[in-house]
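**Student:** Give me a model of this one.
(2 chains)
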Amino acid sequence: MKDSLNPLLVNRRWKPWEAVLWLIALVSPLLLPSHALIINEIAIVALFAVSLDLILGYTGIVSLGHAAFFGMGAYTAALFSKLVMPDPTVGLLVAVVVATLLGAICSMTIIRGSDLTRLMVTLGVGLILMELANKLDWLTGGADGLQGVVMGPVLGRFEFDLYGRTAAWYSITVLLILFVLARRIVHSPFGATLKAIRDNRLRAMAIGIPVTSRLAVIYTVAAGMAGAAGALLAQTTGFASLDLFEFHRSADVMLILVVGGTGWLYGGVAGAIVFKLMQDVISAITPQYWTFWIGLFLVVLVMVGRERLLKPWTWFARGGKA
Amino acid sequence: MNQQSTEGIVLSAQGLIKRFGGITATNNVTLDLRRGARHALIGPNGAGKTTLINLLTGVLDPTEGRITLEGADITQLAPHERVRRGMVRTFQINQLFDTLTPLETLALTVSQHQGMGGKWWQALGSNGAVIQRCEQLLEQFHLTTVMDQKTNVLAYGKRRLLEIAIALACEPRVLLLDEPVAGVPAGEREELLQTVAALPADVSVLLIEHDMDLVFSFANRMTVLVNGTVLTEGDPDTIANDSRVKAVYLGHGDEIAMEGAHG
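**Tutor:** I've put the predicted structure just below:
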């Protein structure tokens, strides 16, 4: 089979629209300088969602405790800048390492049991960490949150500005780097074995895939990526609070991923854009009831299906398949 | 059973017992698979044939008994570790990766088999040897035309072929086939079994099958399982002329099995 005919390699190749998308993302803080803050937020949430997709969409592990790693990354980055040094890149790396270690430990809890027990365990880990951050208030500031985080310039050159432009570029760049990494993973033999586990665990074992170790590895990687997202948030907002560990963060990120589409890396990105923009627009109109509209949207999306929602011309087509 | 030499025995089950609550699905089964054997496991429905395969491959843990592969005790090994040692199975009911294509399925299986399943930095399909092997398998199992379609949209016959192709992609030393031609149109059965029969002479095959014509054309050794117990074992001629086996297939299996177990 020639490489140009090999469907496996064709799928993996970067498409022109992807390059355009990332270019737009990178210039967006310039084009929309007054919206740099929300662009920053979208990039962070997108990274968080992509990390969840690695385990939920590609491996089939349902987790309601992914915020544990997000919060861990955020607190690590914030504490590091306060106690050790204010350099954001080093802080980010340290946060990723710590979140990855936490993920490695927690991965032992998810390799056994049914989907429901796994769901409960992930939920429990999140709650434990939140309570720890609450009780260790000499270190974390407890319920008041960790305040007064001062960041140095990125790479020693780019100062964080009030409008959030540097922050947006910083977050988008980190998102891009980790997205490329995730993309590589899902198109590799390793990634293919994850999809095999998701589709049919029994058969995956029957062709020699070490299922438990694969689950543990990808869970750990996803934890590290979630930690990076958390670190970006703490670094760009200069703040870390208990809220980062809360259940609603884990639920939100799953919602975002479902909105954008699981098992497709751009699903996390698309979901983050849609979710954040909806949140922004609707909460400006009706600050108290915006979750109602998000909820309604979600119900419609799931009932009607993303495919059909995006292609209104198929709504009245007869006979199903469009 | 006679005390035969253990030389040439690849897979051996000794005194396997599996109880589910009060039900004994596998009752003291001892079975030896010799190198290069084309060994058939037959018996009426509910005789415990699939349970035995599940025990051998590690999907189920035996209540009692021991399993050895190439002389090594594998009773405690996880299913994937047994695969790594060369024992591969197919399933009576297709167990496929529904959202992947046949090409992806085989590419990942071959990659895993060749020790590349953990590689995350290179693309699936970038390895020439893997792709070559996939092409060969796709051709052999008439899957080339559908290699790029999602497995869940394939016709049953193609899915069945893929089921077998996956197992062969693992290049088994010991192959356990659980009713491989179930649901395959009559004309294609022979060909499918010929593919299996054409495996290298030192590959050992254990076949579960109901179609007696196929069994007798394929096997050079047969074991008859009734009610979880080995009724008898021998070459096809002996089995064909065994009055107890005839009785089982004429419908008096229960009484005969009791006699067989006692006598």
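
**Student:** how about the strands of chain B, start to end?
**Tutor:** Taking DSSP state E as the criterion, chain B carries its strands at B:9-20, B:23-34, B:38-42, B:64-69, B:72-73, B:87-89, B:174-178, B:204-208, B:221-226, B:229-234.

**Student:** Highest mean neighbour count out of those strands?
**Tutor:** strand B:87-89 (a mean of 28; mean count of other Cβ atoms under 10 Å in any protein chain shown). Heads up, the C-betas are built off the backbone N, CA and C, glycines and all.

**Student:** helices and strands around that strand, which ones?
**Tutor:** helix B:49-57, strand B:174-178 (3 or more Cβ pairs under 8 Å, 6 or more residues apart in numbering or on different chains; DSSP states H and E).

**Student:** Quick one: mean pLDDT over the first one.
**Tutor:** Helix B:49-57 shows a mean pLDDT of 93.

**Student:** Also stretch A:186-202?
**Tutor:** On average, stretch A:186-202 scores 95.

**Student:** mind showing which ranges of chain A have poor pLDDT?
**Tutor:** Low-confidence segments of chain A (pLDDT under 70): A:1-5, A:314-322.

**Student:** one step back: can you lay out the strands of chain B as JSON lines showing distance to residue A:289 and mean pLDDT?
**Tutor:** Below are these laid out as JSON lines (distance: least, Cβ to Cβ, whole Å; pLDDT from 0 to 100):
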{"stretch": "strand B:9-20", "distance to residue A:289": "54", "mean pLDDT": "92"}
{"stretch": "strand B:23-34", "distance to residue A:289": "58", "mean pLDDT": "92"}
{"stretch": "strand B:38-42", "distance to residue A:289": "66", "mean pLDDT": "93"}
{"stretch": "strand B:64-69", "distance to residue A:289": "63", "mean pLDDT": "94"}
{"stretch": "strand B:72-73", "distance to residue A:289": "66", "mean pLDDT": "93"}
{"stretch": "strand B:87-89", "distance to residue A:289": "56", "mean pLDDT": "95"}
{"stretch": "strand B:174-178", "distance to residue A:289": "57", "mean pLDDT": "94"}
{"stretch": "strand B:204-208", "distance to residue A:289": "62", "mean pLDDT": "93"}
{"stretch": "strand B:221-226", "distance to residue A:289": "66", "mean pLDDT": "92"}
{"stretch": "strand B:229-234", "distance to residue A:289": "69", "mean pLDDT": "90"}
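
**Student:** ok, back up a step: so which of the helices and strands packed on strand B:87-89 is nearest chain A?
**Tutor:** Relative to chain A, the nearest member of these by Cβ to the nearest Cβ is helix B:49-57, separated by 6.9 Å.

**Student:** With distance to chain A added, can I get the helices and strands packed on strand B:87-89 in JSON lines?
**Tutor:** As requested, the helices and strands packed on strand B:87-89 are arranged in JSON lines below (distance: least, Cβ to the nearest Cβ, whole Å):
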{"stretch": "helix B:49-57", "distance to chain A": "7"}
{"stretch": "strand B:174-178", "distance to chain A": "10"}
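
**Student:** Now distance to residue A:285 too, for those, in JSON lines please.
**Tutor:** What follows is the helices and strands packed on strand B:87-89, written out as JSON lines (distance: least, Cβ to Cβ, whole Å):
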{"stretch": "helix B:49-57", "distance to residue A:285": "59"}
{"stretch": "strand B:174-178", "distance to residue A:285": "61"}
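
**Student:** Residue A:307: which of those is closest?
**Tutor:** Nearest to residue A:307 among these is strand B:174-178; the distance by Cβ to Cβ comes to 36.9 Å.

**Student:** tell me the angle of that closest one relative to strand B:64-69?
**Tutor:** 120 degrees (axes from the mean of the first three to the mean of the last three Cα atoms, to 10 degrees).

**Student:** can you list the domain ranges for the chain.
**Tutor:** Reading this off chain A. Per automatic domain parsing, the structural domains of chain A span A:3-285, A:288-322.

**Student:** actually chain B
**Tutor:** Structurally, chain B divides into domains by automatic domain parsing as follows: B:1-86+B:172-263, B:97-171.

**Student:** among those, which is the most enclosed?
**Tutor:** domain B:97-171 (a mean of 20).

**Student:** which ones are touching residue 54?
**Tutor:** In the absence of a named chain, chain A is used. Shown in contact with residue A:54 (Cβ atoms under 8 Å, 6 or more residues apart in numbering or on different chains): A:182, A:185, A:186, A:218, A:221, A:222, A:225.

**Student:** that's the wrong chain, I wanted chain B
**Tutor:** Residues in contact with residue B:54 (Cβ under 8 Å, 6+ apart) are residue B:60.

**Student:** For residue A:148, state which of the contacts of residue A:54 is nearest.
**Tutor:** Nearest to residue A:148 among the contacts of residue A:54: residue A:225, at 27.1 Å, using Cβ to Cβ.

**Student:** Excluding residues flanking it in the chain, which one is nearest the closest one?
**Tutor:** Leaving aside its chain neighbours, residue A:225 sits nearest to residue A:51 (3.5 Å; criterion: Cβ to Cβ, 6 or more residues apart in numbering or on different chains).

**Student:** got it, and residue A:300?
**Tutor:** residue A:309 (7.3 Å).

**Student:** show me where chain B has helices.
**Tutor:** With helices called from DSSP state H, chain B shows them at B:49-57, B:79-84, B:102-113, B:128-140, B:156-169, B:186-197, B:212-218, B:236-240, B:243-247, B:253-262.

**Student:** can you tell which of the ones you listed is closest to residue B:9?
**Tutor:** helix B:49-57 (13.6 Å).
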